[in-house]
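Q: mind folding the following:
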Amino acid sequence: MCRGLIGKKLGMTVMFSSEGKCVPVTVLKVGPCVVTQIKSNETDGYNALQIGFGEKKKTRINKPVQGHLKKGGLESCEYMREFSVENPEEYKLGQILNIEMFNVGDLVDVSGIIKGRGFSGVIKRHGFSGGRKTHGSHCHRIPGSIGASAWPSRVFKGKKLPGHYGCCKQTMRNLEIIDVRQHDNLILLKGAVPGPRSGMISVLKPNVIKK
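A: Now for the predicted structure:
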């Protein structure tokens, strides 16, 4: 079984459970995905599937990628990702993968690129409390002492300081599937997932591959 699929985040809404509780959910359009490459231990040293999702103008795809997609009978593809499989010989190029592998109540991991915030200070980036707001204070939003005196005369790596915030991969684990609508390729997950609306996401079933 392929461990996951790729899709797009549509946005958030709410649903009401059978007990009448209001549950926040994120709507994901997952698949249909197409197998674009099959990797095995004999040829690549590991078992995996490369799958594609979405459409893109052919003029915006370079010639090497176009030749790669033609092997699977595709002309264009917006996103491509790899997922682990146990038996790659069970799949073939051009095969369509849908959300049939996901069921209501399953727990999944969702990965995406979080929103970029540009250059941010320590309060926004790391959640620092900040200094006093009283009259005469000059330490409202600065990081404060960073411990670099005569010794060690440098700043240790990993110190929480201002810098670029966002635009990195983040994974939310063990999100519950509230509803699956196969005819629309939609999955409704309890809670929030990383990324903006229309952002690319990967939905994975945890602990599928036995080691």
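Q: quick check: Lys71 touching Leu93?
A: Yes: judged on Cβ atoms under 8 Å, Lys71 makes contact with Leu93 at a distance of 5.9 Å. All C-beta spots, glycine's among them, are computed from the backbone N, C-alpha and C.
Q: low pLDDT regions in the chain?
A: 207-211 (pLDDT under 70).
Q: hang on, the earlier thing: overlap in contacts of Lys71 and Leu93?
A: With contacts defined as Cβ atoms under 8 Å, 6 or more residues apart in numbering, the residues shared by Lys71 and Leu93 are 36-37.
Q: quick check: closest non-adjacent residue to Ala148.
A: Val155 (5.3 Å; Cβ to Cβ, 6 or more residues apart in numbering).
Q: which helix runs longest in the chain?
A: helix 63-70 (DSSP state H).
Q: in that helix, what counts as buried?
A: Judged by neighbour count using 16 or more other Cβ atoms under 10 Å, the buried positions of helix 63-70 are 68-69.
Q: which residues sit against that helix?
A: Contacts to helix 63-70, defined as Cβ under 8 Å, 6+ apart, come from residues 36-37, 52, 58, 61, 75-77.
Q: at 7 Å instead, please
A: Here helix 63-70 makes contact (Cβ atoms under 7 Å, 6 or more residues apart in numbering) with 36, 75, 77.
Q: which of the residues you listed fall in strands?
A: Those of these mapping onto strands are Thr36, per DSSP state E.
Q: nearest to Ile6, of the contacts of helix 63-70?
A: Ile6 lies nearest to Cys77 out of the contacts of helix 63-70, by Cβ to Cβ, at 10.4 Å.
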